[in-house]
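Colleague: Predicted model and sequence follow; I will ask about them next.
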Amino acid sequence: MRSTFFGIEMARRALGAQRTNVDVIGHNLANAATEGYRKQEARLTPTNPYDQKGHPRMIMGTGVKVDEITRKQNRYLDREIYSRTSDEQMWSKRNQLLREVQDILAEPGEGGIGAAMDRFWNGWQELAGSADDPAVRTAVLERGAELGDAFHLALRQLDNMGDNLEQTIETRVDRINAIIGELREVNAQAVSLDARGLNPNDLLDRRDLLVEDLSGLIDVDVNDLPDGGVALTVDGIPILDSFSGRTLEIAEEEAPGDGDGSITFAWRTDDGSPAPWSPADGGEFAALVGMRNDEVPALRDDIAALSNGIRDAVNEQHREGFGLGGEDGFDFFDPDATSGYLRVNPQLQENPGRIAAALGDEEGNFTGPADGRNAEQIAQLRDEGILGEDDVTAGEYWRGMVANIGVRTEQAELLSNNNHTMLNQLKNQRDAVTGVSIDEELTHLIQAQSAFGAAARLVTVWDDMLDTVVNRMVR
């Protein structure tokens, strides 16, 4: 036989369940604009029914309870977003860095190496027709110095870019380690609470947000563990599990040649064992390292090769000629200058008359100060193949470099935009499942409020009924 207070207990459970439901809805509304928050829901289920003995068709319900507070999520979309975030951040950063390189090359424009080369060759062409004019000779020296300054500026800016990239990489390493450190703490707490049968929903929101932040820096693979933790791997290297993780560190620079060498990395465990790692694709970190280790040094080498090619070709032809006074054997550019840097021979700076504009007769004798044939030969180097295995001209070599950077920048911008669009679509799909809709929550709130009011009315009804039994039937 059921207790006299059976109905009041049922109403009490309903009041408690609906109060919890209202609390969960209020929590959703309070965090509607919180980054990374996933909508929660109080899952209401009937309590165990009461089996009234002797009456097989009289199994009575006993009310309602909150079985658990669930967290809306879609792990497939989460993993897709992690992967797409890595790609979007990598191409976005590559696009930004390549645009910085374009600014260094200063093309098209009058301040770059290409325009300086044109003015340099034009100066020799003018000297060919006015070999005995001191002003024209001085102008050739000035244009040679200007060309050297253009090369020096580009190389110095690339060196500065490499230094800045190195410092940025160091800050990103610290950021990666900070995220992994926090993930270790969150993971351990989540595993501990899961073992106690609890759902640490807000803690899991924080963990997912950290993983998403980390995926913007490096390409991580995420796997859920049975104990409630997550495991992260990078290029097959495990960097995090339920209770432990690795630390990223910068290893020694290797193979330092004319430049600073490549930066290498290793993931180190708590006991000190390292796992060498080279970021390949995915994440902002890969773009930074690729630019620092490969693209900036390669571009620097190309510019230095162009500078050295012009220096060697001009010097070789210049030594064949004669100055105003019959001087010969001089280099136009200082052959002892650092590789890649053009500097006009100081002996010519002291005496512009030593510029070898004349070529000499068939016996190799000086033919006079008005002879400008050697200056003409140097001017014609503009159209001669003096660089590379394919013997391309200096202009073709430079335009090829500029075009290559332009194509790669265009590709990076295109892929950055595509990945950004796809990432937004994925996030919109996820938000449709896990995001908080204020209108929807307010509707649920009204429903919960009505249910709470009905349960309260049920308490009043049972109170009146019991009052009748206890107080009025004794009369």
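Modeller: That came through, no problem. Computed from a prediction, not measured in an experiment: that's the story for all the values here.
Colleague: could you pull out the helices for the stretch 51-200 of the chain?
Modeller: For the stretch 51-200 of the chain, the helices defined by DSSP state H, counting those that start in this stretch occupy 75-105, 113-129, 134-195.
Colleague: Go through those helices and name the closest to I59.
Modeller: Nearest to I59, of all the helices of the stretch 51-200 of the chain, is helix 134-195, at 34.4 Å by Cβ to Cβ. C-beta coordinates here come from the backbone N, C-alpha and C atoms, glycine included.
Colleague: For that closest one, the averaged confidence score.
Modeller: For helix 134-195, mean pLDDT rounds to 94.
Colleague: Next, the angle from it to helix 113-129.
Modeller: 170 degrees (axes from the mean of the first three to the mean of the last three Cα atoms, to 10 degrees).
Colleague: chain center to stretch 377-387: distance?
Modeller: Taking Cα atoms, centre = their mean, to the nearest Å, the mean C-alpha location of stretch 377-387 is offset from the chain mean by 42 Å.
Colleague: measure it end to end?
Modeller: 17 Å (Cα to Cα, to the nearest Å).
Colleague: Show me what counts as buried in it.
Modeller: The neighbour-count check on stretch 377-387 (16 or more other Cβ atoms under 10 Å) flags 377-379, 381-382, 386-387 as buried.
Colleague: Stretch 343-363 too?
Modeller: Judged by neighbour count using 16+ other Cβ under 10 Å, the buried positions of stretch 343-363 are 343-345, 348, 352, 354-360.
Colleague: ok, the buried residues of stretch 377-387 vs A451, which is closest?
Modeller: Distances from A451 to these, taken by Cβ to Cβ, are shortest for L387, at 82.2 Å.
Colleague: so who does that closest one touch?
Modeller: Shown in contact with L387 (Cβ atoms under 8 Å, 6 or more residues apart in numbering): 305-306, 309, 393-394, 397.
Colleague: so how far is G353 from it?
Modeller: As for L387, its distance to G353 is 31 Å (criterion: Cβ to Cβ, to the nearest Å).
Colleague: same check, this time on F330
Modeller: Per Cβ to Cβ, F330 is found 11 Å from G353.
Colleague: Now do the shared contacts for those two.
Modeller: Common neighbours of F330 and G353, counting by Cβ under 8 Å, 6+ apart, are G323.
Colleague: which one of the buried residues of stretch 377-387 is nearest W267?
Modeller: Nearest member of the buried residues of stretch 377-387 to W267, counting by Cβ to Cβ, is L387, at 42.2 Å.
Colleague: Dump the buried residues of stretch 377-387 into TSV; add secondary structure as well.
Modeller: TSV is the format used below for those (DSSP: H, G, I helix; E, B strand; the rest coil):
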residue	secondary structure
Q377	helix
I378	helix
A379	helix
L381	helix
R382	helix
I386	coil
L387	strand
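Colleague: Same list (those) but as JSON lines, adding distance to T468.
Modeller: Listed next are these as JSON lines, based on distance: Cβ to Cβ, whole Å:
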{"residue": "Q377", "distance to T468": "124"}
{"residue": "I378", "distance to T468": "120"}
{"residue": "A379", "distance to T468": "119"}
{"residue": "L381", "distance to T468": "116"}
{"residue": "R382", "distance to T468": "113"}
{"residue": "I386", "distance to T468": "113"}
{"residue": "L387", "distance to T468": "108"}
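Colleague: can you give me the strands in this protein?
Modeller: 40-46, 50-51, 59-60, 64-71, 221-224, 230-234, 237-240, 247-250, 265-268, 274-277 (DSSP state E).
Colleague: Arrange those in TSV, one row each, with distance to T338, mean pLDDT and mean neighbour count as further columns.
Modeller: Below are those laid out as TSV (distance: least, Cβ to Cβ, whole Å; pLDDT from 0 to 100; neighbours: other Cβ atoms under 10 Å):
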stretch	distance to T338	mean pLDDT	mean neighbour count
strand 40-46	65	92	16
strand 50-51	93	70	14
strand 59-60	94	72	11
strand 64-71	62	90	16
strand 221-224	46	93	15
strand 230-234	39	94	20
strand 237-240	40	93	20
strand 247-250	28	93	16
strand 265-268	30	93	18
strand 274-277	33	90	15
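Colleague: my read: A150 touches A116, true?
Modeller: Yes - look at A150 against A116 with Cβ atoms under 8 Å: they come within range, at 4.0 Å.
Colleague: Pull up the per-residue confidence for the nearest residue to D133 once chain neighbours are set aside.
Modeller: Closest residue to D133 apart from its sequence neighbours, by Cβ to Cβ, 6 or more residues apart in numbering: L127 at 7.9 Å. Here, the pLDDT recorded for L127 equals 92.
Colleague: Isn't L127 up against A357?
Modeller: Yes - shown here, L127 and A357 form a contact pair, counting by Cβ under 8 Å, at 5.5 Å.
Colleague: what touches both of these two?
Modeller: Common neighbours of L127 and A357, counting by Cβ under 8 Å, 6+ apart, are 137, 372, 375.
Colleague: Who wins on neighbours among those residues?
Modeller: Neighbour tally across the shared contacts of L127 and A357 (other Cβ atoms under 10 Å): the maximum, 29 neighbours, falls on A375.
Colleague: Now do the contacts for that residue.
Modeller: 124-125, 127-128, 131, 140, 321, 355, 357.
Colleague: Tell me who's in contact with the spatially closest residue to D463 that is not a sequence neighbour.
Modeller: Distance criterion Cβ to Cβ, 6+ apart; nearest residue to D463, sequence neighbours excluded, is I8 at 7.8 Å. Residues near I8 by Cβ under 8 Å, 6+ apart: 459, 462-463, 466.
Colleague: could you flag which of those are buried?
Modeller: Buried subset of the contacts of I8 (neighbour count, 16+ other Cβ under 10 Å): 459, 462.
Colleague: would you list the contacts of I8 in JSON lines and tack on pLDDT?
Modeller: Shown next, in JSON lines, are the contacts of I8 (pLDDT from 0 to 100):
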{"residue": "V459", "pLDDT": "83"}
{"residue": "W462", "pLDDT": "77"}
{"residue": "D463", "pLDDT": "73"}
{"residue": "L466", "pLDDT": "77"}
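Colleague: Neighbours of A150, how many?
Modeller: By the criterion of other Cβ under 10 Å, A150 has 23 neighbours.
Colleague: tell me the mean pLDDT for stretch 100-120?
Modeller: 90.
Colleague: Touching that stretch from outside, list them.
Modeller: In this structure, residues lying in contact with stretch 100-120 by Cβ under 8 Å, 6+ apart are 143-144, 146-147, 149-151, 154, 157-158, 161, 295-296, 299, 303, 306, 310, 382, 394-395, 398-399, 401-402, 405-406, 409.
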